[in-house]
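Engineer: need a 3D model of the sequence below.
(one chain, ligands or ions: 2)
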Amino acid sequence: MALNVVIMAAGKGTRMKSARPKVLHRLAGRALLDHVLDTAHGLSGTNGPTPAEGAAPVHVVVVTGFGASQVQACVGARGQCVRQEPQLGTGHAVQQAVPALDALAPVTLVLNGDVPLVRTETARALVQACAGERLALLTVELDDPGGYGRFLRDAQGRVLGIVEHKDASPEQRGIHEVYTGILAAPTAALARWVAALRDDNAQREFYLTDIVAMAVAQGVPVVAAQPASQTEVLGVNSPVQLAELERLYQREQAHALMEAGVRLADPARLDLRGTLACGADVEIDVNCIFEGAVSLGDGVRIGANCYIRQAHIEAGAVIHPFTHIDGEAAGVKVGEGALVGPYARLRPGAELGPEVHIGNFVEVKNSTLARGAKANHLAYLGDATVGERVNYGAGSITANYDGAHKHRTVIEADAHIGSNCVLVAPVTVGAGATIGGGSTIAKDAPAGQLTVARARQATLPGWKRPRKDKAGG
Ligand code: UD1
Ligand code: CA
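Structural biologist: Ligands and ions are numbered 1, 2, ... in the order given. This is a model prediction of the structure:
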């Protein structure tokens, strides 16, 4: 059975005090809206009453308004956008979505674009509680319920409605059960209810939350469900809340890693903005940032203050402190037992074989280094193919760019490149060749021989250093 999902993302987010629409602010490196879209699409294929019904499509409608074109660009093909102009409240937002809904889908799930961490399982439970017949609301008890809509119940605990914080009496503000901004409603009833909303309240807005009292009045059963954890339903309305939620999220991720056996020097000093797959006995020191898809093989050690994005690091490799690895689209691979850093930089297409050593202030881009090759100090390898056991001297660089095109440098196995050499690509250094320090190599250097390309050292006999003339002399 199909499912409608409405994501409300039209609000400006005044309290963010930002030109950027609130739903595009980032949590764990991705827009709040990206997280919500993940939750929505996670429901696909799982909302039919029986598995026999097969894949159940999710029809996602995103309500945009403030910064609509930017928000739409973020949504891309992941949903249909409808415009809400002007933004007259959450009920008004759902009004705009109604014409775009699949009328045959019995349930419509409403998600807040600024509540990013709702788990798919939680949303699914709400959809099932609705079952096309009930209004199902996700609520939570908060120690500090300030700002949220409060849940009103009668003496028997039956739901009466929701009162927004700004409309609540002091007594109602004492209620700790709050509405999370997430509900599942029968599609046809939802359309009727939002059409009947009025804006006679403190903010002169059309509150989606007013449909609860309507459902109660019409005898439609209202049920409340709770999420597994509070983090799931915390909303982001200000930079402080965004930072707090980021920390909560990071702590949960750190704990999950530790439970899987990863040893973190300090779980409070890890930032994971993507996915981190770890083998056994991985150790991560403080202040490391991981982005995109990163994998660390068995026994990998990551030193303090490393930034690692889009990279596969194989078993036993050691990344020393202050190393910067960014694979971007091409990725970075670090082979088994390789040593990298401190202060190394690996760029897209860097592929280090087993036991390779890359030392301080060495930059590697779009280059492969075969087993045991070493570049230990102050060097650049760009567009290079480096053979086994090559020793690449301090201060040497590949001159891979002629101003218009990039060219390759090939250094065959066992070659030694002295210090401070310039290898002007395209050029090949043969197997076992030695290049004298300070050489500029613009022609291929033959295998097994010493090639030197620099002015010969000369000593001028009898030369005297100039002296200042004596005053008055
Ligand atoms: C809303 C709920 C409140 C709940 C809280 C949970 C209402 C009236 N109140 O309050 O009960 O406790 O969420 O986080 O629903 N939006 C639009 N168009 C608009 C207004 C808002 O699309 O005209 C979007 C916003 O972009 C945001 C979401 O709806 O993603 C929630 O809006 P917001 O103004 O933050 O509502 P809250 O005051 O937090
Ligand atoms: Ca909010």
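Engineer: for Q230, phi and psi?
Structural biologist: phi -60, psi -30 (degrees, to the nearest 10).
Engineer: which one is it nearest to, not counting chain neighbours?
Structural biologist: V140 (5.9 Å; CB to CB, 6 or more residues apart in numbering). (C-beta placed from N, C-alpha, C; glycine too.)
Engineer: how far off centre is whichever strand or helix holds that neighbour?
Structural biologist: Per DSSP states H and E: V140 is located in strand 135-141. Averaging C-alpha positions (CA atoms, centre = their mean, to the nearest Å) puts strand 135-141 29 Å from its chain's average.
Engineer: what sits up against it?
Structural biologist: Strand 135-141 is contacted from outside by 118, 122, 126-127, 129-130, 151, 159, 162, 176-186, 189, 211-212, 215, 220-227, 230, 233, using CB atoms under 8 Å, 6 or more residues apart in numbering.
Engineer: and the residue of this structure nearest ligand 2?
Structural biologist: Of all residues in the chain, G235 sits closest to ligand 2, at 4.0 Å by CB to the ion.
Engineer: find the nearest non-adjacent residue to that residue, please.
Structural biologist: That would be V115: by CB to CB, 6+ apart, it lies 4.8 Å from G235.
Engineer: the one you found and V36 touch, don't they?
Structural biologist: Yes. With contact defined as CB atoms under 8 Å, V115 reaches V36; the gap is 7.3 Å.
Engineer: returning to that earlier point: mind listing what's buried in the helix or strand just after the strand holding V140?
Structural biologist: Helices and strands here follow DSSP H and E; after strand 135-141, the next one along the chain is strand 150-153. Neighbour-count burial for strand 150-153 flags 150-152 (criterion: 16 or more other CB atoms under 10 Å).
Engineer: which one of those is nearest ligand 1?
Structural biologist: R150 (8.0 Å; CB to the nearest ligand atom).
Engineer: where's the closest one relative to D167, distance?
Structural biologist: According to CB to CB, to the nearest Å, R150 and D167 sit 9 Å apart.
Engineer: may I have the phi/psi pair for the nearest residue to A260 once chain neighbours are set aside?
Structural biologist: If the residues on either side of it in the chain are set aside, A260 comes closest to C278, at 6.6 Å by CB to CB, 6+ apart. Main-chain dihedrals, C278, degrees, to the nearest 10: phi -120, psi 140.
Engineer: hang on, isn't C278 packed against R301?
Structural biologist: No. Contact criterion CB under 8 Å: C278 and R301 do not qualify, at 11.6 Å.
Engineer: so which of the two has more stuff around it?
Structural biologist: Legend: neighbour count by other CB atoms under 10 Å for C278 and R301, higher for C278 (20 against 17).
Engineer: what bridges to that one?
Structural biologist: L296 (DSSP bridges).
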